[in-house]
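>>> Attaching a predicted model along with its sequence, questions to come.
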Protein chains: 2
Amino acid sequence: MTVMSGGKGVAWVAAQVRAAVEAYWAAAGARDWSAFAATLADDMVYDLPQSRERILGKERYVRFNREYPGGRQVRIERIVADGEGRQAAARTLVTLGPEEMHAIHFFTFDEDGRIAGVTDFWPEAYEPPAGREHLVERY
Amino acid sequence: MTVMSGGKGVAWVAAQVRAAVEAYWAAAGARDWSAFAATLADDMVYDLPQSRERILGKERYVRFNREYPGGRQVRIERIVADGEGRQAAARTLVTLGPEEMHAIHFFTFDEDGRIAGVTDFWPEAYEPPAGREHLVERY
């Protein structure tokens, strides 16, 4: 069975979604802000649920990234690309000097394949609670 | 264009992946551990990168969930289902009494549609750093 969406296959949309996420990170990594802006819808929304912060619009979001302290290296660990929902999730490992952090990113896309929404999470390291040592290995 | 995988469409696999994630949460929510176990591959691996904990195998993982303090309510906020990679990502909102937490879950699947890997993240609330008030709204 093959479900079609808008005359194009789900696999085609998923591949487009994956390519858009890769272009977004490549442009951010190169600090190429015009290429970065080209991946975004004008009225995109950026969300940080942990700090309850929101940035409205491409212009402000590009500026937010441009002004962000540089020197970070971002390595994409996984991209999950959804052809049906025009959405994606990604895991990255962000290195800044000796510090290494996991980051998680959810994307939604408009009909032109531009990023309409980005939601970022920054989970921090913690020590495991007691009581589950009999089931768990540490690494 | 339609990419086929193993004789079945990508959309079909994505729908199967989505259904498996929903079955996993439904069984966990109902504390129906045999239904929960049925969603998992025998040699599945559970990963908590923040605490560097790992659980090997379905048996231990079911027990980990069974022994976990109850009373949590889990609301699925988003599922991203990837038909090509047999993987998925999900965002949930977990409520325990007055406490509300975001959780993020990455899944991989074996060829039978069973969950082969689960990686969970628990990002905590934080106060925004200074210097970006000109770009950001709080909610």
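Right, received. Where do you want to start?

>>> Show me the shaky parts of chain A.
Chain A contains residues with pLDDT under 70 at A:1-8.

>>> Tell me the residue of chain A that sits nearest chain B?
A:Ala89 (3.4 Å; CB to the nearest CB). Yep, even glycine has a C-beta here, placed from its N, CA and C like the rest.

>>> Spatially nearest residue to that residue, not counting backbone neighbours?
B:Ala89 (3.4 Å; CB to CB, 6 or more residues apart in numbering or on different chains).

>>> returning to what we had before: tell me the buried residues in the helix or strand that contains the residue of chain A closest to chain B?
Using DSSP states H and E, A:Ala89 sits in strand A:87-96. The neighbour-count check on strand A:87-96 (16 or more other CB atoms under 10 Å in any protein chain shown) flags A:87-92 as buried.

>>> what's the answer for stretch A:41-50, then?
A:41, A:44-50.

>>> out of those, who's near chain B?
Here is what survives when these are matched to chain B using CB under 8 Å from any CB of the partner chain: A:48-50.

>>> for chain A, what spans make up the helices?
With DSSP state H as the criterion, chain A has helices at A:10-29, A:33-38, A:58-67.

>>> In contact with A:Arg66: list those residues for me.
Contact analysis of A:Arg66 by CB atoms under 8 Å, 6 or more residues apart in numbering or on different chains lists A:31, A:33.

>>> returning to that earlier point: strand B:87-96 and the strand holding A:Ala89, what's the angle between them?
80 degrees (axes from the mean of the first three to the mean of the last three CA atoms, to 10 degrees).

>>> Give me the residues contacting strand A:87-96.
By CB under 8 Å, 6+ apart, strand A:87-96 touches A:17-18, A:20-21, A:25, A:71-82, A:100-109, B:78, B:80, B:89, B:106.

>>> hey, what's the residue nearest the centre of chain A bridged with?
For chain A, the residue nearest the mean C-alpha position is A:His105 (3.3 Å; CA atoms, centre = their mean). When bridges are called by DSSP bridges, A:His105 pairs up with A:Ala90, A:Asp120.

>>> Give me the distance between it and B:Glu84.
Distance, A:His105 to B:Glu84, by CB to CB, to the nearest Å: 19 Å.

>>> go on, A:Ala15?
Using CB to CB, one gets 8 Å for the distance from A:Ala15 to B:Glu84.

>>> Distance check, the closest residue in space to A:Lys58 that isn't next to it in sequence against A:Arg60.
Sequence neighbours aside, A:Leu40 is the residue nearest to A:Lys58 in space, at 4.4 Å (criterion: CB to CB, 6+ apart). Distance of A:Leu40 to A:Arg60, given as CB to CB: 11 Å.

>>> Comparing these two, which residue is more hemmed in?
Ranked by neighbour count (other CB atoms under 10 Å in any protein chain shown), A:Leu40 and A:Arg60 place A:Leu40 first, with 22 against 17.

>>> List the contacts of that one.
Going by CB under 8 Å, 6+ apart, the list of residues near A:Leu40 reads A:58, A:61-62, A:114-115.
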